[in-house]
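1. This is a predicted model, with the sequence first.
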Amino acid sequence: RKEVEQDPGPFNVPEGATVAFNCTYSNSASQSFFWYRQDCRKEPKLLMSVYSSGNEDGRFTAQLNRASQYISLLIRDSKLSDSATYLCVVNGGMDTGRRALTFGSGTRLQVQP
Amino acid sequence: DTAVSQTPKYLVTQMGNDKSIKCEQNLGHDTMYWYKQDSKKFLKIMFSYNNKELIINETVPNRFSPKSPDKAHLNLHINSLELGDSAVYFCASSQGTRGGRTDTQYFGPGTRLTVL
């Protein structure tokens, strides 16, 4: 099983649509969770951290379910500029050698006019 | 005012050559990383340094050798380049880790390495 699994997509949605991405992770000791965004031929950039209680940042809502080891990202009122690859990211927990982040392969979103 | 910078941005070289990629961060972070993103777009950790000390060394051929002269710099030297080394290499930095949590990582623009 991959450490972080995401549906690669692509998700093709019209402007204004609501779209949701899911992600599962295998390491139950993981304690840090993030969604990063990567535009074509660019570096990954933090979109938002994910907290146990769920959190919202404008049109973006992230949820964490530790019991199911599942993370989600909801984008409301999609904009053309939201077109990118969304990376689900977790850390490895307490073990010293695994404090680095593990990235999913990303979910591609294409918002169409 | 770039927070994490890498040079060069593009690197095209022949098999068997030795090359270096440089990374600098001006964020005052304690921890720096090297990641490799292959053609399938997977980002994988290669190395991490905390205050010039190697703390993560994933299964990477020993042709790859990181060097951290100070906590603001982490360079990557690659010996005897092979075709399979072609990828985008990203440097990143973070304040560090606290307990089991990992702070947000900030990435450089990447170095696109092509080995011919």
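-> Perfect, thanks for sending it.

2. State the distance from residue A:41 to residue B:111.
-> Distance of residue A:41 to residue B:111, computed by Cβ to Cβ, to the nearest Å: 12 Å. To be clear about C-beta, it is placed using only N, CA and C from the backbone, and glycine gets the same treatment.

3. Of these two, which one has the most company?
-> Legend: neighbour count by other Cβ atoms under 10 Å in any protein chain shown for residue A:41 and residue B:111, higher for residue B:111 (21 against 9).

4. Correct me if wrong: that one contacts residue B:11.
-> Yes - look at residue B:111 against residue B:11 with Cβ atoms under 8 Å: they come within range, at 5.9 Å.

5. overlap in contacts of these two?
-> residue B:21 (Cβ atoms under 8 Å, 6 or more residues apart in numbering or on different chains).

6. Work out for me the element the residue most central in space within chain B sits within.
-> Per Cα atoms, centre = their mean, the C-alpha nearest to the average position across chain B is that of residue B:34, at 2.5 Å. Using DSSP states H and E, residue B:34 maps to strand B:31-37.

7. Low-confidence regions, the chain specifically.
-> This is for chain A. Scanning chain A with the threshold set as pLDDT under 70 gives A:1, A:93-99.

8. sorry, should have said chain B
-> Those would be B:1-2, B:96-101, if you go by pLDDT under 70 across chain B.

9. who in it is up against chain A?
-> Residues of chain B lying close to chain A (Cβ under 8 Å from any Cβ of the partner chain) are B:33, B:40-45, B:48, B:55-56, B:58, B:90, B:97, B:99-110.

10. Excluding chain neighbours, what is closest to residue A:70?
-> What sits nearest to residue A:70 in space, not counting adjacent residues and going by Cβ to Cβ, 6 or more residues apart in numbering or on different chains, is residue A:24, at 5.4 Å.

11. contacting residues around whichever strand or helix holds that neighbour?
-> Element membership for residue A:24, per DSSP H and E: strand A:19-25. Here strand A:19-25 makes contact (Cβ under 8 Å, 6+ apart) with A:3-7, A:11, A:13, A:33, A:68-75, A:78, A:86, A:88, A:90, A:102, A:104, A:107, A:109.

12. ditto for stretch A:64-71
-> Here stretch A:64-71 has contacts from A:22-26, A:28, A:33, A:35, A:50-52, A:54, A:62-63, A:72, A:88, A:90, using Cβ under 8 Å, 6+ apart.

13. Can you verify my assumption that residue B:39 contacts residue B:84?
-> No - using Cβ under 8 Å, residue B:39 makes no contact with residue B:84, being 10.2 Å away.

14. Which residue ranges of chain A form strands?
-> A:4-6, A:11-14, A:19-25, A:33-38, A:44-49, A:55-57, A:60-65, A:70-75, A:84-91, A:101-103, A:107-112 (DSSP state E).

15. just checking, what packs against the longest one?
-> For strand A:84-91, the contact count by 3 or more Cβ pairs under 8 Å, 6 or more residues apart in numbering or on different chains; DSSP states H and E identifies strand A:4-6, strand A:19-25, strand A:33-38, strand A:70-75, strand A:101-103, strand A:107-112 as packing neighbours.

16. Tell me the strands beside the fourth one, with direction?
-> Think strand A:70-75. Paired neighbours of strand A:70-75 in the sheet (DSSP bridges): strand A:19-25 (antiparallel), strand A:60-65 (antiparallel).
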